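S.K.: below is the structure, and that's it, no one-letter string:
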């Protein structure tokens, strides 16, 4: 009887990861599509911030204290997720910031990211999202993640240090505040186009502005989004950031 209980417990905890890592890529391949032509729904700032949680409002206050000005607030919603965004810009250091809350049927979390684009078109992004990127790195975008860094000021310092190490002479591009979230929409389209070039997405865009995954893309997405691959990839990504910063 005891052996049966042990087997049942093991099966309960192992079945979902085994199922998702074997059958998951086929399910995602057939059902998942990636937003390519997106349109953020802009929201009134006062109502928006009043509806956010304590973590979101804390980041908002700290960013303003550090000299970031609010560009706007918005949301995106599809069949799987509902996300809220607030976009900021610091004209003195030419860095954009965004606070994001992502909510799905599985989880909800809030994170902060700092982004700087350069005149050569490259991008440096540092964030504290608990969720690692679902795809291999893009050729124009350097992304670093510090999920345990909750301090707004410390995360911004990390962004500055990484720029000093990797692209000390890169010239930042000015953010066109008048364009607001359309700048982000253009950036997301560029990411999608790059994923097509990498063979992870198909080129055709459906009526909802989404692209289907190739089977290779479904595999890449699954093994970076489902345990144990999610934890392994997340740890590799985090350690890479920590090792880079330790060289300063």
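M.R.: Good, I have the coordinates. Keep in mind that what you see is a predicted model, and the values were worked out from it rather than measured.
S.K.: where's the most centrally placed residue in the chain, which helix or strand?
M.R.: In the chain, the centroid-proximal residue (CA atoms, centre = their mean) is residue 133; its distance is 6.1 Å. Per DSSP states H and E, residue 133 falls between elements, in no helix or strand.
S.K.: next, give phi and psi for the closest residue in space to it that isn't next to it in sequence.
M.R.: Counting by CB to CB, 6 or more residues apart in numbering, residue 133 lies nearest to residue 143, which is 6.2 Å off, once chain neighbours are set aside. The C-beta positions use only the backbone N, C-alpha and C, and glycine is treated the same way. Residue 143 adopts backbone torsions of phi -120, psi 130, taken as degrees, to the nearest 10.
S.K.: residue 143 reaches residue 134, doesn't it?
M.R.: No - taking contacts as CB atoms under 8 Å, residue 143 lies outside contact range of residue 134: 11.7 Å.
S.K.: now do the closest residue to residue 241 other than its chain neighbours, the pLDDT please.
M.R.: Spatial nearest neighbour of residue 241, chain neighbours left out: residue 144 (4.2 Å); criterion: CB to CB, 6+ apart. Note for residue 144: predicted pLDDT of 96.
S.K.: again, but for residue 6
M.R.: The predicted local confidence for residue 6 is 35.
S.K.: tell me which helix or strand of this protein sits lowest on mean pLDDT?
M.R.: In the chain, no helix or strand scores lower on mean pLDDT, DSSP states H and E than helix 2-22, which sits at a mean of 46.
S.K.: just checking, next helix/strand downstream of that helix?
M.R.: helix 24-31.
S.K.: now for that following helix, which elements pack on it?
M.R.: If contacts are counted by 3 or more CB pairs under 8 Å, 6 or more residues apart in numbering; DSSP states H and E, helix 24-31 sits against helix 215-225.
S.K.: try it again with 10 Å
M.R.: helix 2-22, strand 210-212, helix 215-225 (3 or more CB pairs under 10 Å, 6 or more residues apart in numbering; DSSP states H and E).
S.K.: quick one: mean pLDDT over that helix.
M.R.: Helix 24-31 comes out at a mean pLDDT of 76.
S.K.: where along this structure do the helices fall?
M.R.: In the chain, the segments counted as helices under DSSP state H are 2-22, 24-31, 45-50, 54-65, 152-166, 182-197, 215-225, 229-245.
S.K.: show me the contacts for residue 241.
M.R.: 126, 127, 143, 144, 145, 146, 147, 149, 158, 162 (CB atoms under 10 Å, 6 or more residues apart in numbering).
S.K.: what bridges to the fifth one?
M.R.: Which is residue 145. With DSSP bridges as the criterion, residue 145 is bridged to residue 127.
S.K.: wait, isn't it in contact with residue 111?
M.R.: Yes - Residue 145 lies in contact with residue 111 (CB atoms under 10 Å); the separation is 9.2 Å.
S.K.: what is the burial count for residue 192?
M.R.: Neighbours of residue 192 under the rule other CB atoms under 10 Å: 21.
S.K.: could you find the closest non-adjacent residue to it?
M.R.: residue 36 (4.0 Å).
S.K.: residue contacts, that neighbour?
M.R.: Residues in contact with residue 36 (CB under 10 Å, 6+ apart) are 185, 188-189, 191-193, 195-196, 201, 203-206, 208-211.
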